[in-house]
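**Student:** coordinates only, sequence not included:
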């Protein structure tokens, strides 16, 4: 019996190099493959992720997230004009910064535009996946995404750097009124020699474990994360992505 998915906004957040963009993209792809209309919002303005998701030739325009946030107010008409549809995946739309852009390429924005954008995305598609940046203290859109989302998938690499990162970031979030109950903790890119038990003990109980995949790493290096995963070493990763989708959206 197929699980009924109800939609919502999921923010994917985590320590640097924990695989946030990879996981966010694969969740969005999983939903699109099931015929669900989904928006993938790429928040990073320091290192734009749009060129790393898929070849530019797969996208039907070269519009930018920067143009949306630069407007005094974010309207549904404005977002629909700038949002990018994938040519081969009709159910997937993407919004992010283009290659060569950064946070100084556009007029600075405020919390108002960030909140308006997320509210509009809720109207545009039943499923919204947000790829948050790691440096939330200086990243308004990522911070607001964490606050406005229905759930947060928190990724951690199996290393001391991730533990140190979250101890500092959690202090920042406590001052914002962040609901810590809505987050799912996930060990990400776990390699055979790494101890998941150690991470669970340091960060609390883990909801999901995403194993390392050589095929997935190659897709990331090639800038083609919307390809299917077909090799044996990707099976556990794919199963865990399906579990995440069922848990978060059903």
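**Tutor:** Now that the structure is in, tell me what you want to look at. Quick caveat, the model's predicted, so the values are computed rather than measured.

**Student:** For residue 169, give me its contacts.
**Tutor:** Residue 169 makes contacts with residue 136, as judged by CB atoms under 8 Å, 6 or more residues apart in numbering. Every C-beta, even on glycine, is put in place using the N, C-alpha and C of the backbone.

**Student:** which stretch of helix or strand covers it?
**Tutor:** If you go by DSSP states H and E, residue 169 is part of helix 160-174.

**Student:** give me the number of residues near residue 213?
**Tutor:** When counting by other CB atoms under 10 Å, one arrives at 21 neighbours for residue 213.

**Student:** Now do it against residue 49, distance only.
**Tutor:** Distance of residue 213 to residue 49, computed by CB to CB, to the nearest Å: 19 Å.

**Student:** Per-residue confidence, the residue nearest to residue 170 when sequence neighbours are not counted, what does it come out as?
**Tutor:** Counting by CB to CB, 6 or more residues apart in numbering, the nearest residue to residue 170 once its immediate chain neighbours are dropped is residue 180, at 7.9 Å. On the pLDDT scale, residue 180 is placed at 85.

**Student:** do the one 10 residues further on as well
**Tutor:** Each residue has a pLDDT score; the one for residue 190 is 91.

**Student:** what sits opposite it in the beta ladder?
**Tutor:** residue 211 (DSSP bridges).

**Student:** Please report the distance of it from residue 165.
**Tutor:** Taken as CB to CB, the span from residue 190 to residue 165 is 17 Å.

**Student:** With residue 99 instead?
**Tutor:** With CB to CB as the criterion, residue 99 and residue 165 are 27 Å apart.

**Student:** where does the residue nearest in space to the middle of the chain land on pLDDT?
**Tutor:** Closest to where the C-alpha atoms of the chain average out (CA atoms, centre = their mean) is residue 131, at 2.4 Å. On the pLDDT scale, residue 131 is placed at 97.

**Student:** and it, what is it in contact with?
**Tutor:** Residue 131 makes contacts with 12, 20, 21, 24, 25, 40, 41, 42, 43, 44, 49, as judged by CB under 8 Å, 6+ apart.

**Student:** could I get those as CSV with neighbour count?
**Tutor:** Putting these into CSV (neighbours: other CB atoms under 10 Å) gives the following:
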residue, neighbour count
12, 31
20, 28
21, 24
24, 27
25, 26
40, 31
41, 25
42, 25
43, 29
44, 24
49, 23
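
**Student:** Go through those residues and say which is closest to residue 220.
**Tutor:** Using CB to CB, residue 21 is the member of these that sits closest to residue 220, with 8.1 Å.

**Student:** Which pLDDT value belongs to the residue nearest to residue 16 when sequence neighbours are not counted?
**Tutor:** Excluding its sequence neighbours, the residue lying closest to residue 16 (CB to CB, 6+ apart) is residue 134, at 4.7 Å. Residue 134 carries a pLDDT score of 86 in this model.

**Student:** Around residue 134, how many other residues sit close by?
**Tutor:** Residues lying near residue 134 (other CB under 10 Å) number 19.
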